[in-house]
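> sequence plus the predicted model coming up.
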Amino acid sequence: MPSELKTPAAFKSFGDDFLNYLYRENTLKVHYHPVAKLYGEPGESEREFKIRVQQAVREQRDGEVEKLRRKYATEFQKLETKLYREQQELARDQATYEGRKREELLSAGESIISVLGVFGRRGSTTALSKAARKRRLTAKSKTDVDESVREIARLQDEIQKIRGSMEQQVNDIHSMWDAKLEAIETHTVRPKKSDCAVETVSLAWTPYWEIGYRTAAGAATSARIPAWRKPIRGQA
């Protein structure tokens, strides 16, 4: 046995050397996704890690989309409430306008009868004044209808623009996360020296059999096999 293996100090030195080797050389490489802040498990394949990354990325992406939709929900609710009220007002304005048109038509008929003196009635000035007032009321009702129609169109256009802007942002979020899905890196985990320990350094003897045999061509040869295994029949 070599002389350096005959003292306890030598074994302690070997233990220290092995400890330093573990600290310097024995590293673990795992997958890492910097965006999802997700580390792979020891021995986990890249495919398995990608599945976990996809799930984590999907959850973060859906969270951002949901946050964006909640942000726009209040604005949509306000605009849709205004739109509903404006539509109700339009219905009232249209009903008023139709009534005014009928009143104006009747008033115009009375004016003609009054001017012509049919049925012996006269009072053309009053009748014409009344007809003019009816026309003004009809015109005002028509203006109210037109204003409601324009306001409804404006609100609908605003809602559509905001919805388009929101959907574009949703698409941007999806594209951003899809682009980051493949951003997988390799992270090297190094041990702390305080976490490394060599419990025992021992000298062990491993016995082998030296066997001789002839090949199929008849040539003599030899080989070594572990002594804890049985030699193949015909080789020893």
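Ah, there it is.
> in three-state terms, label residue 186 for me.
strand (DSSP: H, G, I helix; E, B strand; the rest coil).
> need the contact list for the closest residue in space to it that isn't next to it in sequence.
Nearest in space to residue 186, with sequence neighbours left out and distances taken as C-beta to C-beta, 6 or more residues apart in numbering, is residue 29 at 5.5 Å. (Glycine included, C-beta is placed from N, CA and C.) Contact analysis of residue 29 by C-beta atoms under 8 Å, 6 or more residues apart in numbering lists 186, 187, 188, 189.
> doesn't residue 29 belong to a helix?
No: counting by three-state DSSP, residue 29 falls outside a helix, being strand.
> immediately after the longest helix seen in the chain, which helix or strand?
Secondary structure assigned by DSSP state H gives helix 46-116 as the longest helix of the chain. Where DSSP states H and E defines the elements, the next helix or strand beyond helix 46-116 is helix 124-180.
> distance between that next one and the chain's centre?
Remark: helix 124-180 is offset 35 Å from the chain centroid, using C-alpha atoms, centre = their mean, to the nearest Å.
> about what we covered before: mean confidence score for the longest helix of the chain?
Mean per-residue pLDDT for helix 46-116: 76.
> mind giving me the packing neighbours of that helix?
Using 3 or more C-beta pairs under 8 Å, 6 or more residues apart in numbering; DSSP states H and E, the elements in contact with helix 46-116 are strand 28-33, strand 38-39, helix 124-180.
> from the chain's centroid, how far away is it?
Centroid separation for helix 46-116 versus its chain: 29 Å, with C-alpha atoms, centre = their mean.
> tilt between that helix and helix 124-180?
170 degrees (axes from the mean of the first three to the mean of the last three C-alpha atoms, to 10 degrees).
> any idea which element residue 206 lies in?
Using DSSP H and E, no helix or strand contains residue 206.
> ok, now which ones touch the residue nearest to it when sequence neighbours are not counted?
Excluding the flanking residues, the one nearest residue 206 by C-beta to C-beta, 6+ apart is residue 226, at 7.3 Å. Applying C-beta under 8 Å, 6+ apart, we find residue 226 in contact with 206, 207, 208, 209.
> most neighbours out of these, which is it?
In terms of neighbour count, residue 209 stands highest of the contacts of residue 226 at 15 neighbours, by other C-beta atoms under 10 Å.
> which strand residues bridge it?
In this entry, residue 209 is beta-bridged to residue 225, by DSSP bridges.
> quick check: the gap between it and residue 227.
5 Å (C-beta to C-beta, to the nearest Å).
> do residue 29 as well
Counting by C-beta to C-beta - residue 29 and residue 227 are separated by 38 Å.
> so what's the spatially most central residue of the chain closest to, chain neighbours aside?
Nearest residue to the geometric centre of the chain (C-alpha atoms, centre = their mean): residue 61, 1.6 Å. Closest residue to residue 61 apart from its sequence neighbours, by C-beta to C-beta, 6+ apart: residue 177 at 4.2 Å.
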